[in-house]
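Trainee: Coordinates for the following, if possible.
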Amino acid sequence: MSKARLIITAVTLEGRSQAEVARDYNVSKSWVSKLIKRYKQEGAKAFEARSRKPHRSPTRAPEDTIEKIITLRKNLHKAGLDAGPNTIAWHLTTHHAITISPATISRHLSKAGLVIPAPKKRPKSSYIRFEAAMPNETWQSDFTHYQLADGTNVEILPWIDDCTRYILNLTAHHRITTPIVLAQFHEATKNHGLPASTLTDNGMVFTTRLSGAGRRGGRNAFETELRKLNITQKNGAPNHPTTQGKVERFQQTLKKWLRAQPHQPETLEHIQHLLDEFTDEYNYRRPHRSLPNSATPAALYSHMPKATPQGSREHDTHNRVRRDRVDSSGSITLRVNSKLHHIGIGRTHARTHVLVLVQDLNVHIINATTGEVLRDLTIDTTRDYQPQKHKKLPNP
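Mentor: Below is the predicted model:
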């Protein structure tokens, strides 16, 4: 039996005074008086404990603000954009001059049934994050696949700034190749200047140096251009995509937005039009939660000082050792700057096993069995076939 029931019974049925009952049950006389008054007004309901929730909350958000929160959530979600409490708070402050905490927004979203409980994630403090201090200090890139409405696969190549997440270049192609990577990199540098470094994975379109299985070969055209421009090239560890985490996360955001469009792209031109539209939205109107005060990428990129390439890479030589076999025509092939060159050694050495020592354009070819030097040369990049230089015989 509850204490309220005992007190009411003692006063109404036993006829005891309120002061005596308050003293015996160690409660205030005012509370006993309120219980008796409630009993006379409500009857048996007075035995039940009342909620302590206030009838009104002076700090509660106005109804029109709550409606704006719900509307923003639905519109952002429909557009394929981030619709979390921080983003909604940014839109309310920026576009409606309403300041409200993300925690309050989260509470109203939950109350409206618009929040789906998600599994607990690792706390952000447990991650080791690397971030460039200045725009153009590091550019990240990594192409991704997307399927058109008719089932055709295309590949999307982004270049983004590591510091500000600003989209520098975003294009779609039937298939990404090294020449395309180089052309789009040049387009980005024409509009935004040279970066101090680049960060990509170990895809063949970015590098021919390393793979999970070991060394592949010399520099491709993209690597050669970076060296010529004194731009430091960085590649993530094989099978470790989190090194390029910013561009990987960017691709998720992009695909979510593309899938939310009312008409899925049917041609390469159509998807490029959507990519241009997304670039404008992402750079100038979409707040980025990873940036200070959830700023837009363009707000930071346009106002911060830019990094530039430092030092020279003239002494940054690329060495490799390759085992090969001279073909029946007396030559071997060597890929340099993404182009295949044929090196003449002589038919007398056909089928001979050789060691090929390469330092940038300087090539040293040795008989793998005897150690005899078969040829020393510097690759002429303007020619496919690298002929042997024969001495002219004196006239008789």
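
Trainee: Can you tell me the element Asn191 falls in?
Mentor: helix 178-192 (DSSP states H and E).

Trainee: Please apply the same query to His145.
Mentor: strand 144-147.

Trainee: Could you tell me which strands sit next to the next helix or strand after that strand in the sheet, and their orientation?
Mentor: Per DSSP H and E, strand 144-147 leads on to strand 153-161 as the next helix or strand towards the C-terminus. When pairs are called by DSSP bridges, strand 153-161 turns out to pair with strand 139-141 (antiparallel), strand 144-147 (antiparallel), strand 167-173 (antiparallel).

Trainee: Hey, what's the angle from strand 153-161 to helix 178-192? Just curious.
Mentor: With axes from the mean of the first three to the mean of the last three C-alpha atoms, to 10 degrees as the criterion, the two stretches strand 153-161 and helix 178-192 enclose an angle of 40 degrees.

Trainee: Buried residues in strand 153-161, which are they?
Mentor: Under the neighbour-count criterion of 16 or more other C-beta atoms under 10 Å, strand 153-161 has Val154, Glu155, Ile156, Leu157, Pro158, Trp159, Ile160, Asp161 buried. The C-beta positions use only the backbone N, C-alpha and C, and glycine is treated the same way.

Trainee: Specify which member of these is nearest to Pro297.
Mentor: Closest approach between the buried residues of strand 153-161 and Pro297, by C-beta to C-beta: Asp161, at 7.4 Å.

Trainee: residue ranges for the helices of this protein, please.
Mentor: Secondary structure of the chain (DSSP state H): helices located at 3-12, 18-24, 29-42, 63-78, 85-96, 102-111, 178-192, 221-228, 245-259, 268-284, 297-301.

Trainee: Let me have the ones you listed in TSV, extended by mean pLDDT and distance to Ser331.
Mentor: Output for the helices of the chain, formatted as TSV (pLDDT from 0 to 100; distance: least, C-beta to C-beta, whole Å):
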stretch	mean pLDDT	distance to Ser331
helix 3-12	80	103
helix 18-24	85	111
helix 29-42	83	105
helix 63-78	88	62
helix 85-96	88	61
helix 102-111	86	67
helix 178-192	96	24
helix 221-228	91	23
helix 245-259	93	41
helix 268-284	96	40
helix 297-301	91	50
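
Trainee: Out of those helices, which gets nearest to Asp201?
Mentor: Of all the helices of the chain, it is helix 245-259 that lies closest to Asp201, at 9.2 Å by C-beta to C-beta.

Trainee: and the closest one, how far out from the chain's middle?
Mentor: When C-alpha coordinates are averaged (C-alpha atoms, centre = their mean, to the nearest Å), helix 245-259 and its chain have centres 7 Å apart.

Trainee: so it versus strand 153-161, what angle?
Mentor: Helix 245-259 runs at 130 degrees relative to strand 153-161, counting by the same axes, to 10 degrees.

Trainee: Counting by contacts, list what helix 245-259 packs against.
Mentor: Applying 3 or more C-beta pairs under 8 Å, 6 or more residues apart in numbering; DSSP states H and E, one finds that helix 245-259 contacts strand 139-141, strand 144-147, strand 153-161, helix 268-284.

Trainee: Next, the buried residues of that helix.
Mentor: Using 16+ other C-beta under 10 Å as the test for burial, helix 245-259 gives Lys246, Val247, Phe250, Gln251, Thr253, Leu254, Trp257, Leu258.

Trainee: Next, the angle from that helix to helix 268-284.
Mentor: Using the same axes, to 10 degrees, the inter-axis angle of helix 245-259 relative to helix 268-284 is 120 degrees.
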